[in-house]
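Enquirer: Sharing a sequence plus its predicted fold:
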Amino acid sequence: MFNIFEYEFGYSWPIAYGFAVPLLIGIALAAVAMWRRWRAWVAVVSAVIIVWSAAALYVTNVVWGINRPMALPTERFLEAGSGRVLDAGAGSGRAAVGVLLARPGATVTALDIYEGYMGIDDNTPARFMRNVQIAGAAGRADARTGDARDMPFADASFDAVVSSYMIDHLGREGRTKALHEVARVLKAHGEFLLLIVNTDWWTWLVSPPMAHHFRPDAARWRAELHGAGFDVEEEGRRPVTLYWLARKK
């Protein structure tokens, strides 16, 4: 649970550990307030800052586990334990490594544009493969450079697809294209595990800037999945997350 330094997912310091700054400020303010015997409200404010920032650090790194492989939100995904899986928008591999560890008979192909800044320092196929190697699954994974809105794969190439916190960043048109591309590269009755950012109280706690997202309309996402050719089999919530498990019709 606390092995937050084992992998090299590369999330930028402000994202993973930025709350250490207000934590130190709060501690320093409390110390000075006690030393100078300032008014009680200063101590109260500093205590609030300390509790909030410490909780945010804990949730980001332990509960949500930004520096650990992603835990599958549902055990129903790829229950057979094997198959060819695509991680659409794989980045440095949190979701892909999570699938490889949870489903030891599966192989994973990572797809990402691997350019621009998406919160990961040195976001490259090489970093993805390093994390796969740390997981002991180097023989079961590969990385491809490409756009989820125009995937470089033939029809019906994969048994399952996972996409975490990527498709909801593409805008309405890009989102529609990506969902249809997922359906295209999936085999008949293939599974799709989709995770998006949910603006819940966890989001406000761990990342107020990320809470600028509009609260997602679950009904609209279900309709878009249906329009792309999927039947939704499960919908749920996790900290900072809405997810759907869908199956190609």
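Expert: That came through, no problem. Small disclaimer: the values here were computed from a predicted structure and weren't measured.

Enquirer: how about the strands in this protein?
Expert: In the chain, the segments counted as strands under DSSP state E are 82-88, 105-112, 141-145, 158-164, 186-197, 230-238, 241-248.

Enquirer: Can I get stretch 66-82 in PDB? Just the C-alpha atoms.
Expert: Taking Å, rounded to 0.1, in the frame of the first residue of the first chain, the C-alpha atoms of stretch 66-82 are listed here in PDB:
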ATOM      1  CA  ILE A  66      -0.800   8.100  -8.200                       C
ATOM      2  CA  ASN A  67       2.700   6.500  -8.000                       C
ATOM      3  CA  ARG A  68       1.400   2.900  -7.900                       C
ATOM      4  CA  PRO A  69      -0.100   0.700 -10.600                       C
ATOM      5  CA  MET A  70      -3.800   1.400 -10.900                       C
ATOM      6  CA  ALA A  71      -6.100  -1.100  -9.100                       C
ATOM      7  CA  LEU A  72      -8.800  -2.300 -11.400                       C
ATOM      8  CA  PRO A  73     -12.100  -0.700 -10.200                       C
ATOM      9  CA  THR A  74     -14.000  -3.900 -11.000                       C
ATOM     10  CA  GLU A  75     -13.100  -7.600 -10.900                       C
ATOM     11  CA  ARG A  76     -15.400  -8.200 -13.900                       C
ATOM     12  CA  PHE A  77     -12.900  -6.700 -16.400                       C
ATOM     13  CA  LEU A  78     -11.300  -9.500 -18.300                       C
ATOM     14  CA  GLU A  79     -12.400 -12.100 -15.800                       C
ATOM     15  CA  ALA A  80     -10.900 -14.900 -18.000                       C
ATOM     16  CA  GLY A  81      -7.500 -13.500 -17.000                       C
ATOM     17  CA  SER A  82      -6.100 -13.600 -20.600                       C
END
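
Enquirer: Reformat the strands of the chain as JSON lines; add mean pLDDT.
Expert: Listed next are the strands of the chain as JSON lines, based on pLDDT from 0 to 100:
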{"stretch": "strand 82-88", "mean pLDDT": "97"}
{"stretch": "strand 105-112", "mean pLDDT": "97"}
{"stretch": "strand 141-145", "mean pLDDT": "96"}
{"stretch": "strand 158-164", "mean pLDDT": "97"}
{"stretch": "strand 186-197", "mean pLDDT": "96"}
{"stretch": "strand 230-238", "mean pLDDT": "95"}
{"stretch": "strand 241-248", "mean pLDDT": "96"}
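
Enquirer: nearest to Pro152, of the ones you listed?
Expert: Closest approach to Pro152 among these is made by strand 141-145 (6.4 Å; CB to CB). Glycine gets a C-beta too; all of them are placed from N, C-alpha and C.

Enquirer: which of the residues in the helix ranked longest in the chain are buried?
Expert: Looking across the chain with DSSP state H, the single longest helix is helix 40-58. Neighbour counts over helix 40-58 (16 or more other CB atoms under 10 Å) mark Val42, Ser46, Ile49, Ile50, Ser53, Ala54, Ala56, Leu57 as buried.

Enquirer: right, and out of those residues, which lies closest to Asp155?
Expert: Ala56 (43.9 Å).

Enquirer: Could you verify my assumption that the closest one touches Val21?
Expert: No - counting by CB atoms under 8 Å, Ala56 stays clear of Val21, with 11.0 Å between them.

Enquirer: so where's the chain uncertain?
Expert: Residues of the chain that meet the criterion pLDDT under 70 lie in 1-4, 205-214.

Enquirer: Apply 80 and report the result again.
Expert: The model of the chain has pLDDT under 80 over residues 1-5, 64, 118, 199-215.

Enquirer: what about the nearest residue to Asp150 once chain neighbours are set aside, distance to Leu78?
Expert: Using CB to CB, 6 or more residues apart in numbering and skipping the chain neighbours, the partner closest in space to Asp150 is Glu181 (6.9 Å). Distance of Glu181 to Leu78, computed by CB to CB, to the nearest Å: 20 Å.

Enquirer: Thr109 now?
Expert: Distance from Thr109 to Leu78, by CB to CB: 14 Å.
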